[in-house]
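Student: I would like to see how this sequence folds:
(2 chains)
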2 protein chains.
Amino acid sequence: MIRLYSYWRSSSAWRVRVGLAWKRITHELVLVNLTRDGGEQNQPEFRERNPLGQVPVLEVTMGGQLLRLTQSVAILEYLEERFPERPLLPRGFEDRARVRQLVEIVNSGVQPLQNLSLRRALEGARVDPLPFLQGAIIRGLDALEGVARHTAGRFLVRDGVTLADMYLVPQLYTARRFHVDLRPYATLLRVEGECNALAEFQSAHPNAQPDYDPEA
Amino acid sequence: MIRLYSYWRSSSAWRVRVGLAWKRITHELVLVNLTRDGGEQNQPEFRERNPLGQVPVLEVTMGGQLLRLTQSVAILEYLEERFPERPLLPRGFEDRARVRQLVEIVNSGVQPLQNLSLRRALEGARVDPLPFLQGAIIRGLDALEGVARHTAGRFLVRDGVTLADMYLVPQLYTARRFHVDLRPYATLLRVEGECNALAEFQSAHPNAQPDYDPEA
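Tutor: The predicted model follows:
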C-alpha cells in the first residue's frame, strides 16, 4: 500500500506524481493544504510525518512494516529501484550521471531558493523577493539549457523520459509564475512540449489535482 | 583520468573528496579560489566548466571522451555506480532510500540556504543573514537528528559508512562556523566522531587541503 501526501502546487510533490503515474503504481493521494489556516503542514500530525513540514511524503506499507520517505529525489530513486519497469534512468553510467546532474540543478540549485519559507523570510525582512527569485531561476535555467543543448534528444537526456524531465516541467511552471522570460530556453521549451503531450504528465499537472484552486 | 575542481572550504567539494578517498580513486586536484579577486569561479574559463560557478566539478577522461559533471549528488552516485567497490549505498531498497533522504535533507534542505550567493544577496539588501542561516541549519539538523535516531548504528544508516555521512560532516562544520548550538544533536555528534576517526575523512577535511587558509 502506497500513500502520497501532496499539494496541487508543490513542485516537489508534482515530480513524484509524474513518477507514480509513469510507473503505473496504484496509490492513495492525501491532500495537504499548505496555505489554509497557517498551513496544514505545520500541524503536529503532519510534522510527525515530516518535521521539515514539506510535501511530498511517501508512505509504503509492506508486510506490516511502514517505510516513510521525504525528499523527492530519495522517493523517485526508491521507486526506480523498487519498480524497475518503465525505467526513469538510462542504462549507461554517463547518461545516468547527466540525468542526476540536471535533476540536482533544479532540486538543490533552484527550488530551495524559490520556496515558500524563503519568500516569507525575505518578505519578513521587508525585502522584495521577486528579483532574488528571478535571479535564482534564471541562473538555474541558463545552466539547464547549457547542459540540455548537448544531452537532449526528444527529452532532456536523449529520446526517453527520465527523472530529469520530471524536474524540468514544474520548474518552468514556477518560472512563469514569477514572470521569467523563457524565450532564451528553446531546448527546455521544446522538451516541455513533448512532456505535456504525455498522459502521465497531464494527470500530474497542478490543474488536474482534486485540490486545485483556480483562484489561488 | 579523473580531475576534481575543489576549494578547501566548499562543503560540496568536501563531500566528493571523501567519496574519492573512500573509493581510493587516484585523481588530480585543481584548486579554485572562491574568494580571491571576486572569485576564480566567476572567470570565463571556470564558467565554461560550470555556468553556475560552483565547485565541485568532476572531469573524467576515458578513451578520449570527456565527461564533465557538476552537483555533488550526481558525482557521488556516478562514482558509486562506476566504482562499486567499497560501496557507499547499502544493499536494501529501504536503507538506500533512507541514505538518500538524509543526503537530500542536507543537500537541498539546508546547503542552498547557507551558501555564499544567498548570504551576499541578503547582505546586499542590508539584512543580517545570520538569524536566517541559523534557522535553516537548525531546521535541517532537527530533521536529520529525528531520522538518524531511528536509522543510525555506528554511522548514520546502520554500521557502515554511506553517502549520508559525507553530507553530515561538512554540515556540522558549517553549523559551528555560524555558531549553532549543537548540544541537541547527540546522534549526529556521535556519528561525526566515528567519521572523524577515519583516514578518508581526515584527508578530505578543509584544514588538510593544500589551499587551506588559516586566516580566512
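Student: make it CA atoms for all contacts and neighbour counts henceforth
Tutor: Fine.
Student: Could I get the full set of strands for chain A?
Tutor: According to DSSP state E, chain A carries its strands in the segments A:2-6, A:28-31, A:57-62, A:65-70.
Student: could you dump those strands to TSV with mean pLDDT, mean neighbour count and distance to A:G124?
Tutor: Shown next, in TSV, are these (pLDDT from 0 to 100; neighbours: other Cα atoms under 10 Å in any protein chain shown; distance: least, Cα to Cα, whole Å):
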stretch	mean pLDDT	mean neighbour count	distance to A:G124
strand A:2-6	98	20	27
strand A:28-31	98	15	28
strand A:57-62	97	18	28
strand A:65-70	96	17	27
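Student: any idea how far A:N42 lies from A:N50?
Tutor: The spacing between A:N42 and A:N50, counted by Cα to Cα, to the nearest Å, is 10 Å.
Student: Between the two, tell me which one has more neighbours.
Tutor: Ranked by neighbour count (other Cα atoms under 10 Å in any protein chain shown), A:N42 and A:N50 place A:N50 first, with 22 against 18.
Student: my read: the more buried one touches A:V57, true?
Tutor: Yes: A:N50 lies in contact with A:V57 (Cα atoms under 8 Å); the separation is 7.2 Å.
Student: the domain parsing of chain A - what is it?
Tutor: Using automatic domain parsing, the domain parsing of chain A gives A:2-85, A:93-200.
Student: okay, the residue in chain A positioned nearest to chain B: pLDDT?
Tutor: In chain A, the residue that lies nearest chain B is A:S108 (4.3 Å; Cα to the nearest Cα). On the pLDDT scale, A:S108 is placed at 96.
Student: Would you confirm that it contacts B:V110?
Tutor: No: if you go by Cα under 8 Å, A:S108 and B:V110 don't touch, sitting 9.2 Å apart.
Student: what's near enough to touch the residue of chain A closest to chain B?
Tutor: For A:S108, the contacting residues are B:107-109, B:112, by Cα atoms under 8 Å, 6 or more residues apart in numbering or on different chains.
Student: Repeat the analysis, applying 7 Å as the threshold.
Tutor: B:107-108, B:112 (Cα atoms under 7 Å, 6 or more residues apart in numbering or on different chains).
Student: which residues are in contact with both of A:N50 and A:V57?
Tutor: Here A:N50 and A:V57 have A:T70 as joint contacts, going by Cα under 7 Å, 6+ apart.
Student: does chain B sit close to the helix or strand of chain A with the lowest mean pLDDT?
Tutor: Lowest mean confidence among the helices and strands of chain A (mean pLDDT, DSSP states H and E): helix A:116-124, at a mean of 78. No: with Cα under 7 Å from any Cα of the partner chain as the criterion, chain B is not reached by helix A:116-124; the gap is at least 7.6 Å.
Student: And the contacts of that helix?
Tutor: So helix A:116-124 is contacted by A:128-129 (Cα under 7 Å, 6+ apart).
Student: let's see it at 8 Å
Tutor: Residues outside helix A:116-124 that contact it (Cα under 8 Å, 6+ apart): A:112, A:128-129, B:132.
Student: Name the member of the residues you listed with the most neighbours.
Tutor: In terms of neighbours by other Cα under 10 Å, the contacts of helix A:116-124 top out with A:P112 at 20 neighbours.
Student: just the helices in chain A please.
Tutor: Assigned by DSSP state H, the helices in chain A fall at A:11-23, A:44-49, A:72-82, A:93-107, A:111-114, A:116-124, A:129-151, A:163-177, A:186-196, A:199-204.
Student: I'd like to know which elements the fifth one is packed against.
Tutor: Spelled out, it's helix A:111-114. Where contact means 3 or more Cα pairs under 8 Å, 6 or more residues apart in numbering or on different chains; DSSP states H and E, helix A:111-114 is packed against helix A:129-151, helix B:111-114.
Student: Tell me which of those helices sits most buried.
Tutor: Mean neighbour count (mean count of other Cα atoms under 10 Å in any protein chain shown) peaks for helix B:111-114 among the helices and strands packed on helix A:111-114, with a mean of 22.
Student: and the least confident helix or strand of chain A with helix B:129-151, angle?
Tutor: Relative orientation of helix A:116-124 and helix B:129-151, computed by axes from the mean of the first three to the mean of the last three Cα atoms, to 10 degrees: 160 degrees.
Student: Just the CA atoms of helix A:116-124, as CSV, please.
Tutor: Provided in CSV are the C-alpha atoms of helix A:116-124 (Å, rounded to 0.1, in the frame of the first residue of the first chain):
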residue,chain,number,x,y,z
LEU,A,116,7.6,29.5,0.4
SER,A,117,9.7,29.7,3.6
LEU,A,118,12.5,31.7,2.0
ARG,A,119,10.0,34.0,0.3
ARG,A,120,8.3,34.6,3.6
ALA,A,121,11.7,35.2,5.3
LEU,A,122,12.6,37.8,2.7
GLU,A,123,9.2,39.5,3.0
GLY,A,124,9.5,39.5,6.7
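Student: Buried residues, that helix. List them.
Tutor: Neighbour-count burial for helix A:116-124 flags A:118-119, A:122 (criterion: 16 or more other Cα atoms under 10 Å in any protein chain shown).
Student: How far off centre is it?
Tutor: Centroid separation for helix A:116-124 versus its chain: 20 Å, with Cα atoms, centre = their mean, to the nearest Å.
Student: likewise stretch A:142-156?
Tutor: Worked out by Cα atoms, centre = their mean, stretch A:142-156 lies 18 Å from the chain centre.
Student: rewinding a little: would a markdown table of the domains of chain A with distance to B:L34 be doable?
Tutor: Formatted as a markdown table, the domains of chain A follow (distance: least, Cα to Cα, whole Å):
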| stretch | distance to B:L34 |
| --- | --- |
| domain A:2-85 | 28 |
| domain A:93-200 | 17 |
